[in-house]
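Asker: A structural model of the following input is requested.
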Amino acid sequence: MDFILLIIAFRFLQTHAQTKELFPEWQSIFLKALIASSCLLALNIVFDSLEEITRWIGHAVNLYVVYAAYNRKVFEPLKPFVYAFFPVVLVHVIEDLTELIAPDFYDRWDNLFGTASIFAWIWLVAQFIINRKQRKALELERIKAAHQELEFRKSQKLKDALEIQVAERTAEITAQKESLEKTLHELRAAQSQLVHSEKMASLGELTAGIAHEIQNPLNFVNNFSELNKELLEELKVELAKGDLDEIKLIVSDLEANEEKIVHHGKRADAIVKGMLQHSRSSTGVKEPTNINELADEYLRLSYHGLRAKDKSFNASMETDFDDEVGTVAVIPQEIGRVILNLVNNAFYAVSEKKKQLITIDSELASTYKPTVWLSTKRTTNGVEIRVKDNGTGMPDSVKDKIFQPFFTTKPTGLGTGLGLSLSYDIVKAHGGELSVTSQTSELENGQESWTEFFISLTN
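Answerer: This next block holds a predicted model:
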């Protein structure tokens, strides 16, 4: 019986505890025990006298396995095996021990030991079934764990792939950022160059007007100087004659002419200073500036500049300067550039309208009077400057884009499209506002059309 139990236990361990796969060192021990038991069984069959010895050796081996399973960690997985086989082993050990010590009691209660043995075997079969179900459950858990491990590895691979993609994308974005920064730097350099070109263009437009403006006082200076030279010759003659009355008259004329020379000399000096002020680089520092004088100066310079370029050009200029405006803290070169640009555009608009009317109806053109109005006004919040013309006017589609960089309605070569954009930025930088209102009309009907730019500067 012990030999049979040993064989069953060996197969149980191989099947349920998976000793062959998980614990090969146990497999060797159990195999040696099985061989030893087989040898003992053979001796028992051959020599009847060894039956008791072999049986008790088998009991000792079974009890040692139970002890080892409960007291050695390395054999801890054998506990389910002990739960299954211990009742069978215990019943046989008690039965043999009772037969040895109290044979009479054993003979009287022999059936009791048989019943206990049956229940022990039922317990063993039940444990086989339970352990089989547990093994299946463990196998499912193992499969689940393996699946989770596989999923984890897949997710890890995906994570690694995503990290590589993120690193590549980051490198790509970094390269794009560097490229964009380089492009932005180049655009800013190009913008600075264009702004400088626009400023030089406005200076070029002023040159003709300045030349015309400065020519008038120089002509007066030259004429009165020549006249004084003649008067001095006459004075010498009269001194020789001793005619005091004539001498006094000549001296009086000389004084009057000298005053005119000084006046026009100062006028020429003021024009030169204005030209230098416009052409020099702005310091960006605001200074008290007489807005009326600034507006009047740039209005006349714009007009004379256009007249110098186109002798057929002609337009009326009407001003309405508020004496209460006084001085305002601005950057004079910048605000002067804004006024010049707006006035130039106004003169261009009335000139274009005149040309269009001539092509449509000469009689209608003869009744049209090109006019540019420039006015200033002191308000509670600051100063208003208005530049108005009775030119062609602007449709809404143009007004919506008028302050955009590089937008222009002028033919190619006549405008950069930066004038109004720069003007808008300059006024904004002064904390002010630049806006436009306009009205268009059918030229054939001779209806009124106009455009007005409005500058608001705060104190």
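Asker: I'd like the distance from V343 to T170, if you could.
Answerer: 54 Å (C-beta to C-beta, to the nearest Å). C-beta: built from backbone N, CA, C; applies to glycine.
Asker: who's more crowded, the two?
Answerer: Higher neighbour count among V343 and T170: V343, with 24 against 10, using other C-beta atoms under 10 Å.
Asker: which residue sits closest to that one, ignoring its sequence neighbours?
Answerer: S302 (4.4 Å; C-beta to C-beta, 6 or more residues apart in numbering).
Asker: The one you found: neighbour count?
Answerer: 26.
Asker: One more: S252?
Answerer: S252: 11 neighbours (other C-beta under 10 Å).
Asker: With F220 instead?
Answerer: So F220, with other C-beta under 10 Å, has 18 neighbours.
Asker: Could you list which residues are in contact with it?
Answerer: Going by C-beta atoms under 8 Å, 6 or more residues apart in numbering, F220 touches 260-261, 264.
Asker: what do you get if the cut-off is 7 Å, keeping everything else the same?
Answerer: For F220, the contacting residues are 260, 264, by C-beta atoms under 7 Å, 6 or more residues apart in numbering.
Asker: what's the next secondary structure element after the longest helix along the chain?
Answerer: Counting residues, the longest helix found in the chain (DSSP state H) is helix 110-241. Once helix 110-241 ends, the next helix or strand along the chain (criterion: DSSP states H and E) is helix 244-279.
Asker: what angle separates that next one from helix 110-241?
Answerer: 170 degrees (axes from the mean of the first three to the mean of the last three C-alpha atoms, to 10 degrees).
Asker: coming back round to it: okay, the residue nearest to V343: pLDDT?
Answerer: In this model, S302 is scored at 83, pLDDT.
Asker: L342 is in contact with that one, correct?
Answerer: No - counting by C-beta atoms under 7 Å, S302 does not reach L342; the two are 9.2 Å apart.
Asker: doesn't S421 make contact with Q404?
Answerer: Yes - Q404 lies in contact with S421 (C-beta under 7 Å); the separation is 6.5 Å.
Asker: More neighbours: which of these two?
Answerer: Ranked by neighbour count (other C-beta under 10 Å), Q404 and S421 place S421 first, with 19 against 12.
Asker: Can you say which helix or strand has the more buried one in it?
Answerer: S421 is part of helix 419-429 when elements are defined by DSSP H and E.
Asker: tell me what that helix is packed against?
Answerer: Helices and strands touching helix 419-429, by 3 or more C-beta pairs under 7 Å, 6 or more residues apart in numbering; DSSP states H and E, are helix 110-241, helix 332-360, strand 433-439.
Asker: how's the protein carved up into domains?
Answerer: 2-155, 283-459 (automatic domain parsing).
Asker: Which one of those has the poorest average confidence?
Answerer: Here the lowest mean pLDDT among these goes to domain 2-155, at a mean of 68.
Asker: Now do the buried residues in the helix holding S421.
Answerer: By 16 or more other C-beta atoms under 10 Å, the buried positions in helix 419-429 come out as 419-427.
Asker: what's the closest of those residues to P87?
Answerer: When those are ranked by distance to P87 (C-beta to C-beta), D425 comes first, at 100.1 Å.
Asker: quick one, what contacts the residue nearest to V343?
Answerer: The neighbourhood of S302, defined by C-beta under 7 Å, 6+ apart, consists of 209, 340, 343-344, 347.
Asker: Show the buried residues in these.
Answerer: Among the contacts of S302, those classed as buried by 16+ other C-beta under 10 Å are 209, 340, 343-344, 347.
Asker: Output those in JSON lines, with distance to V328 appended to each entry.
Answerer: Putting the buried ones among the contacts of S302 into JSON lines (distance: C-beta to C-beta, whole Å) gives the following:
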{"residue": "G209", "distance to V328": "24"}
{"residue": "L340", "distance to V328": "17"}
{"residue": "V343", "distance to V328": "18"}
{"residue": "N344", "distance to V328": "22"}
{"residue": "F347", "distance to V328": "25"}
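Asker: and of the residues you listed, the nearest to K236?
Answerer: K236 has its nearest neighbour among these in G209, at 42.0 Å by C-beta to C-beta.
Asker: rewinding a little: could you identify which of the helices and strands packed on helix 419-429 is most buried?
Answerer: helix 332-360 (a mean of 21; mean count of other C-beta atoms under 10 Å).
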